Every structure is written in structure tokens, then in C-alpha cells.
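Participant: structure of the sequence below:
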Amino acid sequence: DENRKTEAEEYYRKAIELNPQDANAYYNFGLFLSKDENRKTEAEEYYRKAIELDPQDAKTYNNLGVLLFKQDKIDEAKTVFETSAKIDENFPHPQLNLAGIYKRKGDFEESQKYAFKARDLLKDDDFYNLACLSAILEEKDEALKYLKLAVERDSSKKLLAKTDPDFDWIRDDERFQEIVGK
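Facilitator: Residues are numbered from 1 along each chain as shown. Below is the predicted model of the structure:
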């Protein structure tokens, strides 16, 4: 968070060295690495190691799925999201991600099924994910309203939204570009 990446990486590696059975250490390092476009493969390896150590962590499966999805490994991402959803039926993120995948594949019935599950599970103040959901459902006004609220709360959401595939459905809207910038 303080942009001390070299130091952060050293600490992640040290945590893994001190306790190589700590799935959380691998998960957190994978999360850290996934933010660097040039280290996606390495991030994937750390997520997979975290899953090997804790195969019941829905959050790790979901983040691995996001990483795969952003690399256009759609079918593999779908399988990983399905696993995450089975592990924790009350975790909204894999439901939301599956809605996006099925929409991309042209299966609107399945997309809506997962979208409505996600809507039931998302918290009212989870503005960013509500924006993603609304974009998938092509509810532009709602999506933009929630995205604006998310960015007002946390300006780092601008950068995230610029590459988030969930916004592909509304990315060309002028209002989207006003919120996140060009």
C-alpha cells in the first residue's frame, strides 16, 4: 500500500520461507504479483500452491479465476469459478464472474442465473461489484451510478475498472470514460 514493492516482495518470500505450509502467505504473494502485468504466470503459480495447501479456500480459487479470465483462459477460469462457488455458496464473487463468462459465451440464460445469485449475495455498499453486475446485465445507468460511488470511495477503482472485463459492455459510454478517465 505504501508502494514499497521491493521490500514487500522480500517480506512475502521470507514469510513463505519461515512457514512453507502457510497457504495465506502464498495467496497474499499471488495477489501482490497479480497486480504486475509482467508477473501473471508467477502469480498463478503462487495461487495454485495456496490451493494445494488449502483446497477449501473459495477466495483463492476466485482470484485464480480472475487471473485466468484476464489472460483469456475463459474455459479454465469458468471451471475455477465453479469450484469457488461450490466451496462457498454465499461468496458472491464467483457467481458474478460466472455471470460475466456466460454472457461472453452468449449463454444469456446462464448469465442471468448467476447474475441474480450474485445480486442476492452482494452487500448494498459493495459499489464496485454492484457496478460490475449492472454492467453485465447492461443496466448502464445503474452500473455508472455504482461505479461513480465506488471511485469516490476509493480512487484506485478507476485503474481497476479500466481493464475489468465486466465493463466491456459499457466501456464506450462517455460517462464511463468521465468516471475512470481515458
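
Participant: can you pull the buried residues of the helix or strand of the chain with the lowest mean pLDDT?
Facilitator: Scoring the helices and strands of the chain by mean pLDDT, DSSP states H and E places helix 157-163 at the bottom, with a mean of 92. Of the residues in helix 157-163, 157, 160-161 count as buried by neighbour count, 16 or more other C-beta atoms under 10 Å. All C-beta spots, glycine's among them, are computed from the backbone N, C-alpha and C.

Participant: just give me the neighbour total for D120.
Facilitator: 10 (other C-beta atoms under 10 Å).

Participant: what's the helix or strand for it?
Facilitator: helix 108-121 (DSSP states H and E).

Participant: sorry, back to before: what's downstream of the least confident helix or strand of the chain, the next helix or strand?
Facilitator: helix 174-180.

Participant: not counting sequence-adjacent ones, nearest residue to the spatially most central residue of the chain?
Facilitator: For the chain, the residue nearest the mean C-alpha position is V66 (4.7 Å; C-alpha atoms, centre = their mean). Among residues not flanking V66 along the chain, N97 sits closest, at 6.7 Å (C-beta to C-beta, 6 or more residues apart in numbering).

Participant: follow-up on the earlier one: and which of the buried residues of helix 157-163 is nearest to T6?
Facilitator: T6 lies nearest to L160 out of these, by C-beta to C-beta, at 23.0 Å.

Participant: quick revisit: as JSON lines, the buried residues of helix 157-163 with distance to E82 would be great.
Facilitator: Listed next are those as JSON lines, based on distance: C-beta to C-beta, whole Å:
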{"residue": "K157", "distance to E82": "27"}
{"residue": "L160", "distance to E82": "24"}
{"residue": "A161", "distance to E82": "25"}
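
Participant: give me the low-pLDDT residue ranges for this protein?
Facilitator: For the chain, applying pLDDT under 70 flags the ranges 1-2.

Participant: apply 80 and report the result again.
Facilitator: By pLDDT under 80, the low-scoring segments of the chain are 1-3, 182.

Participant: tell me which stretches of it form helices.
Facilitator: 5-18, 23-34, 40-53, 58-70, 74-87, 92-104, 108-121, 127-136, 140-153, 157-163, 174-180 (DSSP state H).

Participant: now do the second one: everything it contacts.
Facilitator: Looking back up the chat, that one is helix 23-34. 8-9, 12-13, 15-16, 19, 39-40, 42-47, 49-51, 53-54, 57, 59-60, 63-64, 66-67 (C-beta atoms under 8 Å, 6 or more residues apart in numbering).

Participant: just the buried subset of these, written out for ChimeraX, thanks.
Facilitator: To isolate the buried members of the contacts of helix 23-34 in ChimeraX, using 16+ other C-beta under 10 Å:
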select :12,15,16,39,40,43,44,46,47,49,50,51,53,54,57,59,60,63,64,66,67
